[in-house]
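In: My questions concern the predicted model and sequence given below.
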Amino acid sequence: MRRKWFLCALLGTLLLSELVPAAQAAGLRASIATGRVALNGQAIDNAAAEYPLLVYKDITYIPMTFHLCRFLGLATEWDEYSRTLTITRTGGTGEYVPDTGHSRRSGGVSVTPVDYPVIVNDEKIDNSTARWPLFNYGGVTYFPLTWAFAVDDFGWDYHWNAESGLEIDSAGGTPYVTPPIVNPANPPISTRELSEGELVNAASRAWVTAAWGSCPEDLTVELTGEWTLETIKSAIGKGLGEHVKGTLLEGRLTEVSIPYTFQLPAAMRAGDVLKVPYTASYRGNEIVLPSGRSFVPSSSSEEATATVRLGQGWQGAADIGFQAGQELYKRLAECAKIADLTAVSGSEGYYDASSAILAAVNANLDAAGLPYRAGSMSIGSYVNPYWTKPGYSQTLEYTVGFSPKEEYAPADPFFEVTAQCTLLTVEG
């Protein structure tokens, strides 16, 4: 999913409706948001909402009600004993339940900062020093839609302009996975302000934009000497180096990749012309973030095609290693195809499709006798089956990364294959 990299001053986030706060600190004044609002394509009647979007210091705030959280792909949990609110990104979207029933209104309202612990994706929020604090209105916690919350934590795309208003799209996100080093009982503390998130995303946007446009429409190179996969990559790399001279990417090329779907001719001769698909990867300078952590922006181009002319040189057979890799790739691609998945409807929880797919693929690998394991997984967005009715069907697109279990890699020690399966919700 490509993110829509829009910066906007008018934004906000959501929170839980069952929450009744204790006595709060001194109150604040916010105003009911005006203008058009669309959440996952659903137009919102904010003026008549029981829990309307609010604006504080030019930042839009969203209420974390039970139904709205699930509609936008968030799971919430309130611990009455410790008075702690926990929010986790699920990567799915639930059913939209309208928030209506209030007489139309506008203008200012009184809100109060929250005084209980709030943990987002295993990270405790320091509300005491935040420029845009979490606050309560009508017994519901409200989140500011800063870049750090909306994009970094919740994985949303959003933008605002005077014509279409505020638009938030939570589809296409991925579930949050707790890193092994994080202790949920003592999570790190952050104010989740704009500065660090904006710095990271601004650098990433620059590299994504530059990398996508780095491959010329017509790249023609001549290959002399040995005709192998590595010399083809090297020739394309030299051609790209000339193409990006004087740009942000000069000297930043890290790799040229050629997919195993490319077929080398069985016999090659001087004067032959090959059409070779490829992608190029680039890395920027290391950036030190306000937290002290470092970040290196990187990105890859869209797939392009290079024209490779075979000049006078080696007249031997095609690259045997790459041909072996092609055959192995075909066998792994077959193992990536799995039977349809089923999940039970009607109970609260999160269905981990990634784990189910990895288990099925690894079972295929064992049956095929291949010394590889499916160790990495990326998956497109899907609706949590627990939130859907029996009979609901959805197509999942996923990419599996294969790694050798032993020193057996006839061409490349790492392969990726993209495939699809169907996820069906069944009766519990």
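Out: Good, I have the coordinates.

In: Chain neighbours aside, what residue packs nearest to E427?
Out: Nearest-residue entry for E427: P390, 4.4 Å, with adjacent residues in sequence omitted and distances by Cβ to Cβ, 6 or more residues apart in numbering. For the C-beta atoms, the positions are set from N, CA and C on the backbone; glycine is no exception.

In: List phi and psi for that neighbour.
Out: Main-chain torsions, P390, degrees, to the nearest 10: phi -50, psi 140.

In: what does A363 give?
Out: Residue torsions, per degrees, to the nearest 10, at A363 are phi -60, psi -40.

In: okay, now it: neighbour count?
Out: When neighbours are counted by other Cβ atoms under 10 Å, A363 registers 13.

In: related to what we said a few turns ago, what sits against the residue nearest to E427?
Out: S345, G346, T425, V426, E427 (Cβ atoms under 8 Å, 6 or more residues apart in numbering).

In: which residues of the stretch 1-150 of the chain fall in strands?
Out: 12-13, 28-32, 37-39, 42-43, 54-56, 59-63, 74-79, 84-89, 108-113, 118-120, 123-125, 135-137, 140-144 (DSSP state E, counting those that start in this stretch).

In: rank these by pLDDT, which is bottom?
Out: Sorting those by mean pLDDT places strand 12-13 lowest, at a mean of 32.

In: out of the contacts of P390, which are buried?
Out: In terms of neighbour count (16 or more other Cβ atoms under 10 Å), the buried residues within those are S345, T425.

In: and A280, helix, strand or coil?
Out: Under the three-state scheme (DSSP: H, G, I helix; E, B strand; the rest coil), A280 adopts strand.

In: tell me the pLDDT at it?
Out: pLDDT, read off for A280, is 90.

In: got a list of what the nearest residue to it once chain neighbours are set aside touches?
Out: The shortest distance from A280 to any non-neighbouring residue, by Cβ to Cβ, 6+ apart, is to S301 (4.6 Å). Applying Cβ under 8 Å, 6+ apart to S301 gives the contacts A211, W212, G213, S214, C215, T279, A280, S281.

In: H67: which of the residues you listed is nearest?
Out: W212 (37.5 Å; Cβ to Cβ).

In: Next, that closest one: phi, psi?
Out: Dihedral angles of W212 (phi, psi; degrees, to the nearest 10) stand at phi -60, psi -40.

In: And the helices in the stretch 301-428 of the chain?
Out: For the stretch 301-428 of the chain, the helices defined by DSSP state H, counting those that start in this stretch occupy 320-335, 353-368.

In: ok so, going back, closest one to R331 among the strands of the stretch 1-150 of the chain?
Out: For the strands of the stretch 1-150 of the chain, the distance to R331 is smallest for strand 84-89, at 35.4 Å, taking Cβ to Cβ.

In: other SSEs contacting the closest one?
Out: strand 74-79, strand 118-120 (3 or more Cβ pairs under 8 Å, 6 or more residues apart in numbering; DSSP states H and E).

In: looking at those strands, which is buried most?
Out: Comparing these on average neighbours per residue, with mean count of other Cβ atoms under 10 Å, the densest one is strand 118-120 at a mean of 21.

In: okay, the strands of the stretch 1-150 of the chain in TSV with distance to V151 next?
Out: Formatted as TSV, the strands of the stretch 1-150 of the chain follow (distance: least, Cβ to Cβ, whole Å):
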stretch	distance to V151
strand 12-13	10
strand 28-32	22
strand 37-39	15
strand 42-43	20
strand 54-56	19
strand 59-63	14
strand 74-79	14
strand 84-89	11
strand 108-113	23
strand 118-120	13
strand 123-125	15
strand 135-137	21
strand 140-144	13
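
In: Of all the ones you listed, which one is nearest W207?
Out: strand 84-89 (24.0 Å).

In: That closest one: how far from the chain's middle?
Out: 19 Å (Cα atoms, centre = their mean, to the nearest Å).

In: Pull up the pairing partners for that strand, direction included.
Out: The strands that strand 84-89 pairs with in its sheet are strand 74-79 (antiparallel), strand 118-120 (parallel) (by DSSP bridges).

In: To A363, which of the ones you listed lies closest?
Out: Closest among these, using Cβ to Cβ: strand 74-79, at 29.1 Å.
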